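Trainee: I would like to see how this sequence folds:
(chains A and B)
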Amino acid sequence: DSGVTQTPKHLITATGQRVTLRCSPRSGDLSVYWYQQSLDQGLQFLIQYYNGEERAKGNILERFSAQQFPDLHSELNLSSLELGDSALYFCASSVEGSAADTQYFGPGTRLTVL
Amino acid sequence: AQSVAQPEDQVNVAEGNPLTVKCTYSVSGNPYLFWYVQYPNRGLQFLLKYITGDNLVKGSYGFEAEFNKSQTSFHLKKPSALVSDSALYFCAVREPSGGSYIPTFGRGTSLIVHP
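Mentor: Numbers count the residues shown, from 1 in each chain, chains lettered A, B, ... in the order given. Here you go, the predicted structure:
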């Protein structure tokens, strides 16, 4: 158990809908990262937050947004969902987000868009 | 720009034999290198990392990796494979300067250990 929690574990929804994925980092970790994992694209970095502020952006679609709250939990919002958004979404956390930091991953949310 | 390659999609090894999962990288400076393992329907678990110092890094579950700067490689090894080591293994690289410190992950290597 990495100490990173993600809810829900599974999510099934329809195209055009909006969902929110939630992540709680390990105790003491200030940085949160979101990744998308699919069979054809591998593990893709979406976005990073550090202590409530956006720090880095990756291949995140405009339909997706995220935030980190004062208690350091983070939410990833996915809207206008398409079939291609079906994937595993992982949250990871690290102490400060420096280059040497180890990222610890949550168990993931499996999103299925029908 | 940083990049990492895992040249083998799948590695097959018999239980009790040594295993190697290959990783090569490309960065403009000195790399920070990581190995993670993913079991089915689970998140990635950290195995080990190289930041500086001894080129041989020891990690969890008996795994080790050797940093080779001249060959730009960071291969994961274990002297004696277990069936329970069967999983997906990811190598990742980070450049320690001038970047956003976001690691780049390889596409993963599926390790299958046969009884």
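
Trainee: Counting neighbours, what do you get for A:Ser2?
Mentor: 18 (other C-beta atoms under 10 Å in any protein chain shown). No exception for glycine: its C-beta is placed from N, CA and C like everyone else's.

Trainee: contacting residues around it?
Mentor: Residues near A:Ser2 by C-beta atoms under 8 Å, 6 or more residues apart in numbering or on different chains: A:26, A:104-106, B:43, B:45-46.

Trainee: quick one: which of those is most hemmed in?
Mentor: In terms of neighbours by other C-beta under 10 Å, the contacts of A:Ser2 top out with A:Gly106 at 28 neighbours.

Trainee: Hmm, that residue is touching A:Tyr89, no?
Mentor: No - look at A:Gly106 against A:Tyr89 with C-beta atoms under 8 Å: they stay out of range, at 9.4 Å.

Trainee: Now for the two: what residues contact both?
Mentor: Common contact partners of A:Gly106 and A:Tyr89 (C-beta under 8 Å, 6+ apart): A:Gln6.

Trainee: Where do the strands of chain B begin and end?
Mentor: Assigned by DSSP state E, the strands in chain B fall at B:3-5, B:10-14, B:19-21, B:24-26, B:32-38, B:44-50, B:56-58, B:64-68, B:73-78, B:87-94, B:104-105, B:109-114.

Trainee: Residue numbers of chain B in contact with chain A?
Mentor: B:32, B:34, B:36, B:41-46, B:49, B:51, B:90, B:94-97, B:99-103, B:105-108 (C-beta under 8 Å from any C-beta of the partner chain).

Trainee: how about 10 Å then?
Mentor: By C-beta under 10 Å from any C-beta of the partner chain, the part of chain B that sits against chain A consists of B:6, B:31-32, B:34, B:36, B:38, B:41-46, B:48-49, B:51-52, B:90, B:92, B:94-108.

Trainee: List the contacts of residue 84.
Mentor: No chain was given, so I picked chain A. Going by C-beta atoms under 10 Å, 6 or more residues apart in numbering or on different chains, A:Gly84 touches A:15, A:38, A:40-41, A:61, A:113.

Trainee: hm, I was asking about chain B
Mentor: Contacts for B:Ser84 (C-beta under 10 Å, 6+ apart) come out as B:15, B:39, B:61, B:113.
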